[in-house]
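Visitor: Give the three-dimensional model of this entry:
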Amino acid sequence: MPELPEVHALVTDLDSRLGGRIIASLDIVSFAALKTFDPQPSALTAATIDGVSRQGKFLDITCSTAAAGVLHVIIHLARAGWILWRDGPPPPPSRLGGGPL
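Guide: Model (predicted):
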(Lines give C-alpha, C1' and ligand atoms only; values in the text may rest on other atoms or scores of the structure.)
Protein backbone atom coordinates (compact mmCIF):
# COMPACT_ATOMS: atom_id res chain seq x y z
CA MET A 1 0.00 0.00 0.00
CA PRO A 2 1.45 3.39 -0.92
CA GLU A 3 2.25 5.58 2.07
CA LEU A 4 0.92 9.10 2.54
CA PRO A 5 3.83 10.94 0.84
CA GLU A 6 3.38 8.83 -2.31
CA VAL A 7 -0.40 9.40 -2.26
CA HIS A 8 0.12 13.16 -1.87
CA ALA A 9 2.60 13.22 -4.78
CA LEU A 10 0.16 11.23 -6.92
CA VAL A 11 -2.69 13.63 -6.10
CA THR A 12 -0.54 16.63 -7.02
CA ASP A 13 0.47 15.03 -10.33
CA LEU A 14 -3.05 13.88 -11.24
CA ASP A 15 -4.55 17.27 -10.35
CA SER A 16 -2.17 19.02 -12.75
CA ARG A 17 -2.84 16.46 -15.52
CA LEU A 18 -6.60 16.01 -15.13
CA GLY A 19 -7.94 19.39 -14.04
CA GLY A 20 -10.34 20.78 -16.67
CA ARG A 21 -10.38 17.65 -18.81
CA ILE A 22 -13.61 16.06 -20.00
CA ILE A 23 -14.27 12.34 -19.49
CA ALA A 24 -14.92 10.74 -22.89
CA SER A 25 -15.79 7.28 -21.57
CA LEU A 26 -15.47 5.14 -18.49
CA ASP A 27 -14.66 1.42 -18.44
CA ILE A 28 -15.20 -0.63 -15.30
CA VAL A 29 -12.36 -3.16 -15.27
CA SER A 30 -13.68 -5.22 -12.37
CA PHE A 31 -17.27 -5.30 -11.20
CA ALA A 32 -16.00 -5.98 -7.67
CA ALA A 33 -14.34 -2.54 -7.69
CA LEU A 34 -17.65 -0.76 -8.31
CA LYS A 35 -19.33 0.41 -5.10
CA THR A 36 -22.28 2.38 -6.50
CA PHE A 37 -25.48 1.81 -8.37
CA ASP A 38 -26.94 5.32 -8.36
CA PRO A 39 -25.83 7.28 -10.23
CA GLN A 40 -24.68 4.85 -12.88
CA PRO A 41 -20.99 5.08 -13.88
CA SER A 42 -22.17 6.27 -17.30
CA ALA A 43 -23.24 9.52 -15.56
CA LEU A 44 -19.54 10.48 -15.65
CA THR A 45 -19.47 10.51 -19.46
CA ALA A 46 -18.91 14.11 -20.62
CA ALA A 47 -18.23 15.24 -17.03
CA THR A 48 -15.57 17.88 -16.43
CA ILE A 49 -12.87 17.03 -13.89
CA ASP A 50 -12.74 19.89 -11.40
CA GLY A 51 -9.78 18.63 -9.40
CA VAL A 52 -8.11 15.82 -7.51
CA SER A 53 -7.66 15.81 -3.75
CA ARG A 54 -7.12 13.23 -1.06
CA GLN A 55 -8.91 12.17 2.09
CA GLY A 56 -6.34 10.17 4.02
CA LYS A 57 -5.14 7.53 1.56
CA PHE A 58 -8.20 7.86 -0.67
CA LEU A 59 -8.02 9.80 -3.95
CA ASP A 60 -11.05 12.04 -4.60
CA ILE A 61 -11.60 13.04 -8.23
CA THR A 62 -14.28 15.74 -8.24
CA CYS A 63 -16.32 15.96 -11.44
CA SER A 64 -19.20 18.17 -12.52
CA THR A 65 -21.95 17.26 -14.96
CA ALA A 66 -24.93 19.14 -16.32
CA ALA A 67 -27.36 16.32 -15.51
CA ALA A 68 -26.10 14.90 -12.21
CA GLY A 69 -24.33 17.92 -10.68
CA VAL A 70 -21.15 17.27 -8.72
CA LEU A 71 -19.93 13.66 -8.57
CA HIS A 72 -16.92 12.19 -6.77
CA VAL A 73 -14.83 9.24 -7.92
CA ILE A 74 -13.14 7.79 -4.84
CA ILE A 75 -10.13 5.53 -5.39
CA HIS A 76 -8.13 3.55 -2.84
CA LEU A 77 -4.94 2.00 -4.16
CA ALA A 78 -5.16 -0.99 -1.78
CA ARG A 79 -2.16 -3.22 -1.15
CA ALA A 80 -0.48 -3.19 -4.53
CA GLY A 81 -2.51 -0.52 -6.27
CA TRP A 82 -1.19 1.82 -8.91
CA ILE A 83 -2.40 4.17 -11.61
CA LEU A 84 -0.94 3.97 -15.10
CA TRP A 85 -0.87 7.22 -17.08
CA ARG A 86 -0.59 7.16 -20.87
CA ASP A 87 -0.53 10.22 -23.11
CA GLY A 88 -1.99 8.17 -25.95
CA PRO A 89 -3.26 4.71 -26.78
CA PRO A 90 -0.90 1.83 -26.07
CA PRO A 91 1.31 0.72 -28.95
CA PRO A 92 0.13 -2.29 -30.96
CA PRO A 93 1.74 -5.64 -30.18
CA SER A 94 5.10 -6.04 -31.88
CA ARG A 95 4.36 -9.61 -32.95
CA LEU A 96 1.29 -11.46 -34.08
CA GLY A 97 -0.73 -13.39 -31.56
CA GLY A 98 -1.89 -12.64 -28.08
CA GLY A 99 -3.69 -9.47 -29.13
CA PRO A 100 -7.28 -8.60 -29.85
CA LEU A 101 -8.77 -9.64 -33.16
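
Visitor: all strands for this structure, in order.
Guide: 48-55, 58-65, 69-76 (DSSP state E).

Visitor: and the last one, what does it pack onto?
Guide: When you say that, I think you mean strand 69-76. Strand 69-76 sits against strand 58-65, with contacts defined as 3 or more CB pairs under 8 Å, 6 or more residues apart in numbering; DSSP states H and E. All C-beta atoms are positioned from the backbone trio N, CA, C, and that covers glycine.

Visitor: and with 10 Å instead?
Guide: Judged by 3 or more CB pairs under 10 Å, 6 or more residues apart in numbering; DSSP states H and E, strand 69-76 is in contact with helix 4-18, strand 48-55, strand 58-65.

Visitor: Show the average pLDDT along that strand.
Guide: In this model, strand 69-76 has a mean pLDDT of 91.

Visitor: What residues sit buried inside that strand?
Guide: Neighbour-count burial for strand 69-76 flags 71, 73, 75 (criterion: 16 or more other CB atoms under 10 Å).

Visitor: can you check the second one too?
Guide: If you call a residue buried by 16+ other CB under 10 Å, then strand 58-65 has these buried ones: 59, 61, 62, 63, 65.

Visitor: which helices and strands does it pack with?
Guide: Against strand 58-65 (3+ CB pairs under 10 Å, 6+ apart) you get helix 4-18, strand 48-55, strand 69-76.

Visitor: List the neighbouring strands of that strand plus their orientation.
Guide: strand 48-55 (antiparallel), strand 69-76 (antiparallel) (DSSP bridges).
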